[in-house]
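S.K.: the following block contains a protein sequence and its predicted model.
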Amino acid sequence: IPMFFHRYPQFGMFSSASQVQLDADYQNLPEIIDTFNKLEPIKALLFSNSVLLGENEDLLCCRDMLWENSTHGINPHNVGMYDCEIKTTEDILNYIATASIYCVERNGKYLNFPPVNILEYFTRDKLTGEYTENGEHILMDFQPQPDDIAYLRTFKFEDLTYRGTIEYRSACCQPISDAMTVAARDDRRSLPPRSARQGKGTAGITRQRYNALSPRLHCRRTQKTACQKRAAVNRQ
């Protein structure tokens, strides 16, 4: 079945998210991601604030559709919810290994190319990317490099970042008077159990730890599964 693409290629100009970055204790990382993933349908109702005025006004929130039915959603594992339970760090790595890379940097130029599974990407001898300069689209051949793992950028509702944080990015931007409500909710629910916090700091996942995990993706082979998409919520 051909993929459906919406007709709003400029949606990034008006689809605003309330993005929150919070440190996470390494030991509690799988539980935090799994818990927040399961809360997404409720979160969609609490913080829905994206509408298409004049059309599809029956949709309470259209942000998910804009992302999932764009080029970002060609590989559904790059967007939306996780379609499996996350119990261990191995589960996280297995899922990351099913994501796609679509952009790298060479000679100061950002090269865009059709999404390629990150494991397949490192098996290729050469790829062709495209950049824009002075209004012209220019093609450039390039070879994959190990450091390109840094350009693996997904748009999951909960993303593990190289900064040692979890990025929560599913909620809509709220009215000014409620601007901090999303961050307050995410911050409270991200705390580890009280017993785990007593006498201990909550050191984040450091960039060094992230980089130590990343090379393991190169030799990992996992089977892709169909992504469980979060349906747009109807007012009725």
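M.R.: Received it, and whenever you're ready, just let me know what you need.
S.K.: give me the low-pLDDT residue ranges for the protein?
M.R.: Low-confidence segments of the chain (pLDDT under 70): 1-2, 186-236.
S.K.: and if we set it to 50?
M.R.: 193-236 (pLDDT under 50).
S.K.: tell me where the chain has helices.
M.R.: In the chain, the segments counted as helices under DSSP state H are 29-46, 63-68, 89-96, 118-121, 181-189, 194-197, 207-213.
S.K.: give me the buried stretch members for stretch 157-166, please.
M.R.: Within stretch 157-166, the residues that count as buried by 16 or more other C-beta atoms under 10 Å are 157-160, 164-166. C-beta coordinates here come from the backbone N, C-alpha and C atoms, glycine included.
S.K.: reformat those residues as JSON lines; add distance to Cys172.
M.R.: Shown next, in JSON lines, are the buried residues of stretch 157-166 (distance: C-beta to C-beta, whole Å):
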{"residue": "Phe157", "distance to Cys172": "12"}
{"residue": "Glu158", "distance to Cys172": "16"}
{"residue": "Asp159", "distance to Cys172": "17"}
{"residue": "Leu160", "distance to Cys172": "22"}
{"residue": "Gly164", "distance to Cys172": "26"}
{"residue": "Thr165", "distance to Cys172": "20"}
{"residue": "Ile166", "distance to Cys172": "19"}
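S.K.: of these, which is the nearest to Gly73?
M.R.: For these, the minimum distance to Gly73 (C-beta to C-beta) is 12.9 Å, reached by Phe157.
S.K.: setting aside sequence neighbours, what's the nearest residue to that closest one?
M.R.: Ser170 (3.7 Å; C-beta to C-beta, 6 or more residues apart in numbering).
S.K.: now the one you found: how far from Phe47?
M.R.: 8 Å (C-beta to C-beta, to the nearest Å).
S.K.: which of those two has more neighbours?
M.R.: Ser170 (27 against 20; other C-beta atoms under 10 Å).
S.K.: hang on, that one packs against Ala17?
M.R.: Yes - under the criterion of C-beta atoms under 8 Å, Ser170 makes contact with Ala17 at 7.4 Å.
S.K.: who touches both of the two?
M.R.: Common contact partners of Ser170 and Ala17 (C-beta atoms under 8 Å, 6 or more residues apart in numbering): Arg63.
S.K.: quick one, strands of this protein?
M.R.: For the chain, applying DSSP state E gives strands covering 20-23, 79-80, 100-106, 109-117, 127-133, 136-142, 155-156, 158-160, 165-168.
S.K.: quick one: the third one to strand 109-117, angle?
M.R.: Note on geometry: by axes from the mean of the first three to the mean of the last three C-alpha atoms, to 10 degrees, strand 100-106 and strand 109-117 are set 160 degrees apart in direction.
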